[in-house]
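K.L.:
got a sequence here, can you model it:
(one chain, ligands or ions: 2)
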Amino acid sequence: MPVKIVPSVLPADFSRLGEETAALSGAGVDRIHWDAMDGEFVPNLTFGPEVIGACRPHATCGFEAHLMCWRPEELFTRYVEAGCELLLVHPETLRQPHQAYRQIRELGARAGVALSPATPLTLVEHVLDVIDLILVMTVNPGFGGQVYLSSMEPKVAAARALIAASGRPIELEVDGGIGPDTIAAPAAAGADVFVSGSALFRYPTRREGVDDLRARALRARGEQPGG
Ligand code: DX5
Ligand code: ZN
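P.N.:
Ligands and ions are numbered 1, 2, ... in the order given. Okay, the predicted model is just below:
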């Protein structure tokens, strides 16, 4: 799978979210990562489908919604209608995970399983037939700007092995504390999609950040940038 760089909008200026969305979309990102938080499953409260939908017209790239919410299945339809092509869902928040991932696909979107640091990879083993992505969180969910957890690297490698054994085209994404000094290790461990929030927003321009992070991930995989 090709390397994908996916910015989280959490560090963006929320008073100018449409413009920020357009700037990210124009910077060569592969998708934009929307962290929807309900203040219950995680201590932070951010936005829902209406805000994402309002920003949809400002971008040409895809949108993914990372649902850190209880009972997310009640809003699946609204997130897809808002323009999200991928829904990332924590299995702990679902009563019927296998059914929920199938429901996401029936709505025309792709389904991702989001694993918090303490959540075991075994929760993915019996839903491989109804998912399109595994998200290994490299911070505890709730806030941007946290320190990357290198202890998650064995989990990334194990997820890569599970995907390889399944023979299915499942993406492997990491999310949390990903920046120039941390992206190489999860890339070498097998991740192909990288969410970056605060580190990406620290570059002089969004484009420089996207290009630098992509080049670092490619080099870590022994591939040449632009090659
Ligand atoms: C944390 C979110 C992440 C976070 C990434 O709960 O799921 O997407 O916003 O931001 P950084 O890259 O700053 O850790
Ligand atoms: Zn996220």
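K.L.:
around ligand 2, which positions in the protein sit nearby?
P.N.:
On the criterion CB under 5 Å from the ion, ligand 2 has as its neighbours in the chain the residues 35, 66, 175. Where C-beta positions appear, they are placed from N, C-alpha and C, glycine not excepted.
K.L.:
and ligand 1, which of these contact it?
P.N.:
The subset of the residues of the chain next to ligand 2 within reach of ligand 1, by CB under 6 Å from any ligand atom, is 35, 66, 175.
K.L.:
can you pick the most crowded of these?
P.N.:
His66 (28 neighbours; other CB atoms under 10 Å).
K.L.:
quick check: that residue is in a strand.
P.N.:
Yes. Remark: His66 belongs to a strand, assigned using DSSP: H, G, I helix; E, B strand; the rest coil.
K.L.:
so which helix or strand takes in the closest residue to it other than its chain neighbours?
P.N.:
The spatially closest residue to His66, leaving aside those adjacent along the chain, is Leu88, at 4.5 Å (CB to CB, 6 or more residues apart in numbering). Per DSSP states H and E, Leu88 falls inside strand 84-89.
K.L.:
kindly report the same for His33.
P.N.:
Using DSSP H and E, His33 falls within strand 31-37.
K.L.:
can you list the residues that contact that strand?
P.N.:
By CB atoms under 8 Å, 6 or more residues apart in numbering, the residues outside strand 31-37 that reach it are 4, 6-10, 21, 24-25, 44-49, 52, 59, 61-69, 79, 84-86, 141-142, 144, 175, 195, 197.
K.L.:
from the residues you listed, which land in helices?
P.N.:
If you go by DSSP state H, the contacts of strand 31-37 have 21, 24-25, 49, 52, 79 in helices.
K.L.:
rewinding a little: can I have the buried ones of the contacts of strand 31-37 as a PyMOL selection?
P.N.:
Selection of buried members from the contacts of strand 31-37 for PyMOL, criterion 16 or more other CB atoms under 10 Å:
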select buried, resi 4+6+7+8+9+10+21+24+25+46+47+48+49+52+59+61+62+63+64+65+66+67+68+69+79+84+86+141+142+144+175+195+197
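K.L.:
can you pull out the strands in this structure?
P.N.:
4-7, 31-37, 62-68, 84-89, 110-115, 133-137, 171-175, 193-196 (DSSP state E).
K.L.:
in CSV: the ones you listed, plus mean pLDDT.
P.N.:
Formatted as CSV, the strands of the chain follow (pLDDT from 0 to 100):
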stretch, mean pLDDT
strand 4-7, 98
strand 31-37, 98
strand 62-68, 98
strand 84-89, 98
strand 110-115, 98
strand 133-137, 98
strand 171-175, 98
strand 193-196, 98
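K.L.:
contacts only, for Phe194.
P.N.:
Residues counted as contacts of Phe194 (CB under 8 Å, 6+ apart) are 3-6, 173-174, 178, 183, 186-187, 213, 217.
K.L.:
of these, which is the most crowded?
P.N.:
Each of these was scored by neighbours using other CB under 10 Å; the highest score is Val174's, at 31 neighbours.
K.L.:
check contacts around that residue.
P.N.:
Contacts for Val174 were tallied using CB under 8 Å, 6+ apart; they are 135-138, 152, 156, 186, 191, 193-195.
K.L.:
got it, and Pro11?
P.N.:
The contact partners of Pro11, taken as CB under 8 Å, 6+ apart, are 144-145, 197-198, 200-201.
K.L.:
where does pLDDT dip in the chain?
P.N.:
Along the chain, the parts satisfying pLDDT under 70 run over 227.
K.L.:
how close does the closest residue to ligand 2 within the chain get to Gly176?
P.N.:
When CB to the ion is the measure, the chain has its nearest residue to ligand 2 at His66, with 3.7 Å between them. Computed with CB to CB, to the nearest Å, the distance linking His66 and Gly176 is 10 Å.
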